[in-house]
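Visitor: Okay, sequence plus prediction incoming.
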Amino acid sequence: MAPMSIANPAQLALDGADVRALLGNWPVGDGPLHRLLSSGLRALADQGRVAPGTRLPPERALAEALRVSRTTVAAAYAALKDEGVLAARQGSGTYVAPPGGPRRGDDAVVGALARNQLFAALEPGQPGTLDLATAILPAARCVVGALPGADEVRSACRSTGYLPSGSEQLRSAIAERYCAQGLSTNADQVLVTSGAQQAISLVASLYLRPGDPVVVDQPTFPGALDVFRACGARLLSMPVDGGGARVDVLERLVRRSAPHLVYLVATHHNPMGSVLTAARRERLAAVAAGGQIPVVDDTALTDLDHGHGDVPPPVAAFDPDAPVITIGSMSKLFWGGLRIGWVRAAEPVITRLRRLKTIADLGSPLLEQAWSERLFHHVEEARAERQAQLPHRLRVLETALADLEPSWRWDRPAGGVALWVQIPGDARALAASALRHGVRVVPGPQFCADEGCADHLRITFTQDPEVLVEGVRRLARAWEDQASVLDGGVSPVVV
């Protein structure tokens, strides 16, 4: 039987059976149930099959009608409220929002960010909330001293200020840095971007159309997942272990699905901190060259090693003819406020990306580029500072966790700013409980293409040691509360 539709706009209340009939065969498709349900409900509103102002059934009633958990319905309703598709009226229920209002779901990127707890952590939080969620370090000491002088500012002001490729001085400095790492590069192979996030977005815009398959490491950087989802890409995953991404799994995915793009963090993986071995890098470059599959090697965390020895060169160094696109950023080593990143690729690719960059913003700010170029003379100084900070903070975090939560497990990272921690429970529920206790952490599903890793948390160690210790104490109290809820047989609502 074909799904019914609402012909009479005056019919302003639906029960569970009505919604079930309207949705039809809604659970068919890839992804978790709550996302499939939110997609089905969104379509009903967008297509006008449920009139604005229509009251939807309560969570429990709809869950019973659809034979799913109340948690699934709660998560779907919450996502649609974030997007502006649904609205809640105090004491009255949940309604389809009227047309013409703000609809965050109209912009795929904004809609994705609205549901991403990691990026929510960038917004001002409740006073007194400790942040163990964002992987952001304070500015390195050399940042202030490298400010451009008055003469440099006057010189920059004589130009138009529009340089879509980026300043030649900064592009040359980036190229020299890659040469020092074993990757031969010239300035014409570099495009300056407004952070690594824009670099990922430009590459995705160049290579992807809705439905195109993309392989990502799992877990991975949530910002990349948001970009690929906004493009409508079909996400496939290759697992990560102590030696980095499993390239053998990628080879099987290439044969089966012919991906249009591959994305990974090869050095000091986010969030696991592992390093892709030289043998796997060589194999990955061969896969890229053999199938002419663009591979994005995100090197933003490369310089945040913990002093355990040299890392292999970037993936592109293993085969100059492979279509490997290397991206980087000033944010992690120096300061996130600079918002300067880059793409390193073959010159024809850079030419095409420059056109997209021109459309996006006509070029990144020149004064920040001049500042960044000066900072490239302080790379080793900044690396030494981070090596003095990060291993100590990691030990503080590990000690606090081992004392208060001995059942939790993790592998010590080789670099980076986070621990990938396995817990014997639901990470989403714990993250919600932790926020009520005044500490913010990010649950594992935010880092996974299939929203897996439900028993993992990413806990960063970018904060001062005393903040880390107090944050773990609050997290332990949240864990005690969560354990008591589960022991009482109550299923927590995921928000």
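Guide: That came through, no problem.
Visitor: which SS state does residue 72 fall under?
Guide: Following DSSP: H, G, I helix; E, B strand; the rest coil, residue 72 is assigned to helix.
Visitor: so what's it up against?
Guide: Shown here is residue 72, whose contacts under the criterion Cβ atoms under 8 Å, 6 or more residues apart in numbering are 33-34, 37, 63, 66. Quick note: C-beta positions are derived from backbone N, CA and C, even for glycine.
Visitor: of those residues, closest to residue 360?
Guide: Distance to residue 360 across the contacts of residue 72 (Cβ to Cβ) is lowest for residue 34, with 32.5 Å.
Visitor: and the gap between the nearest residue to residue 161 once chain neighbours are set aside and residue 374?
Guide: Nearest residue to residue 161, sequence neighbours excluded (Cβ to Cβ, 6 or more residues apart in numbering): residue 366, at 5.7 Å. To residue 374, residue 366 is 13 Å away according to Cβ to Cβ, to the nearest Å.
Visitor: between these two, who's got more neighbours?
Guide: Higher neighbour count among residue 366 and residue 374: residue 366, with 23 against 20, using other Cβ atoms under 10 Å.
Visitor: what's the closest non-adjacent residue to residue 245?
Guide: Nearest one to residue 245, counting by Cβ to Cβ, 6+ apart, is residue 217 at 4.4 Å.
Visitor: quick one on the thing from earlier: list the contacts for the residue nearest to residue 161?
Guide: 156, 159, 161, 163, 167 are the contacts of residue 366 under Cβ under 8 Å, 6+ apart.
Visitor: so the fourth one, which of the three states?
Guide: When the structure is split into helix, strand and coil by three-state DSSP, residue 163 lands in coil.
Visitor: Test my guess that it contacts residue 367.
Guide: No: taking contact to mean Cβ atoms under 8 Å, the distance of 12.0 Å between residue 163 and residue 367 leaves them out of contact.
Visitor: related to what we said a few turns ago, can you tell me which of the contacts of residue 72 end up in helices?
Guide: Of the contacts of residue 72, the ones assigned to helices by DSSP state H are 33-34, 37, 63, 66.
Visitor: most surrounded residue in these?
Guide: Of all the ones in helices among the contacts of residue 72, residue 37 has the most neighbours under the rule other Cβ under 10 Å, reaching 25 neighbours.
Visitor: So residue 163 and residue 367 - more neighbours on which side?
Guide: Neighbours per residue, other Cβ under 10 Å: of residue 163 and residue 367, the larger number sits with residue 163, 18 against 14.
Visitor: what residue ranges in this structure score low on pLDDT?
Guide: Counting by pLDDT under 70, the chain has low-confidence residues at 1-11, 28-31, 90-91, 99-126, 483-495.
Visitor: need the longest strand for it.
Guide: strand 234-241 (DSSP state E).
Visitor: Tell me the helix or strand right after that one.
Guide: Using DSSP states H and E, the next helix or strand after strand 234-241 towards the C-terminus is strand 244-245.
Visitor: Could you tell me which other helices and strands that next one packs against?
Guide: Secondary-structure packing of strand 244-245 (3 or more Cβ pairs under 8 Å, 6 or more residues apart in numbering; DSSP states H and E): helix 278-291.
Visitor: Off-centre distance for the helix it packs on?
Guide: Chain-centre distance of helix 278-291: 25 Å, with Cα atoms, centre = their mean, to the nearest Å.
Visitor: how close does the spatially most central residue of the chain sit to residue 391?
Guide: For the chain, residue 222 is the residue whose C-alpha lies nearest the centre (Cα atoms, centre = their mean; 1.5 Å). Applying Cβ to Cβ, the value for residue 222 to residue 391 is 25 Å.
Visitor: quick one, what contacts residue 445?
Guide: Contacts of residue 445 by Cβ under 8 Å, 6+ apart are 427-428, 451-454.
Visitor: now swap in residue 371 and tell me
Guide: Going by Cβ under 8 Å, 6+ apart, residue 371 touches 146-148, 338.
Visitor: Next: residue 322.
Guide: Neighbouring residues of residue 322 by Cβ under 8 Å, 6+ apart: 285-286, 288-289, 295, 315-316.
Visitor: Out of the residues you listed, which comes closest to residue 209?
Guide: Set against residue 209, the nearest of these by Cβ to Cβ is residue 295 (18.5 Å).
Visitor: thinking again about what came up before, what subset of the contacts of residue 366 is buried?
Guide: 156, 163, 167 (16 or more other Cβ atoms under 10 Å).
Visitor: quick one: contacts for the second one?
Guide: Under the criterion of Cβ under 8 Å, 6+ apart, the contact partners of residue 163 comprise 192, 363, 366.
Visitor: Next, find the distance separating the last one from residue 265.
Guide: With the distance defined as Cβ to Cβ, residue 366 ends up 29 Å from residue 265.
Visitor: Show the residue spans covered by the strands in the stretch 301-450 of the chain.
Guide: Here the stretch 301-450 of the chain has its strands, by DSSP state E, counting those that start in this stretch, at 324-329, 341-344, 418-422, 439-440, 442-443.
Visitor: Tell me which of these approaches residue 57 most closely.
Guide: Residue 57 lies closest to strand 442-443 among those, at 27.9 Å (Cβ to Cβ).
Visitor: Just the helices from the stretch 251-400 of the chain, written as ranges.
Guide: Along the stretch 251-400 of the chain, the segments classed as helices by DSSP state H, counting those that start in this stretch run 278-291, 347-361, 366-375, 379-404.
Visitor: And these: which comes nearest residue 85?
Guide: In terms of Cβ to Cβ, the element of the helices of the stretch 251-400 of the chain nearest to residue 85 is helix 347-361, at 27.7 Å.
Visitor: What angle do strand 324-329 and the closest one make with each other?
Guide: Between helix 347-361 and strand 324-329, the angle comes out at 40 degrees (axes from the mean of the first three to the mean of the last three Cα atoms, to 10 degrees).
Visitor: Give me the helices and strands touching helix 347-361, please.
Guide: strand 190-193, helix 195-207.
Visitor: In TSV: the contacts of residue 371, plus neighbour count.
Guide: TSV is the format used below for these (neighbours: other Cβ atoms under 10 Å):
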residue	neighbour count
146	18
147	13
148	19
338	21
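Visitor: So which of those residues are in strands?
Guide: Of the contacts of residue 371, none are assigned to strands by DSSP E.
Visitor: Straight-line length of stretch 189-197, end to end?
Guide: Start and end residues of stretch 189-197 are separated by 19 Å (Cα to Cα, to the nearest Å).
Visitor: Pull out the buried members of the contacts of residue 322.
Guide: Buried among the contacts of residue 322 (16+ other Cβ under 10 Å): 285, 288-289, 295, 315-316.
Visitor: residues contacting residue 339?
Guide: Residue 339 touches 194-195, 331, 364-365, 368, counting by Cβ under 8 Å, 6+ apart.
Visitor: how far away is residue 304 from residue 331?
Guide: Distance, residue 304 to residue 331, by Cβ to Cβ: 11 Å.
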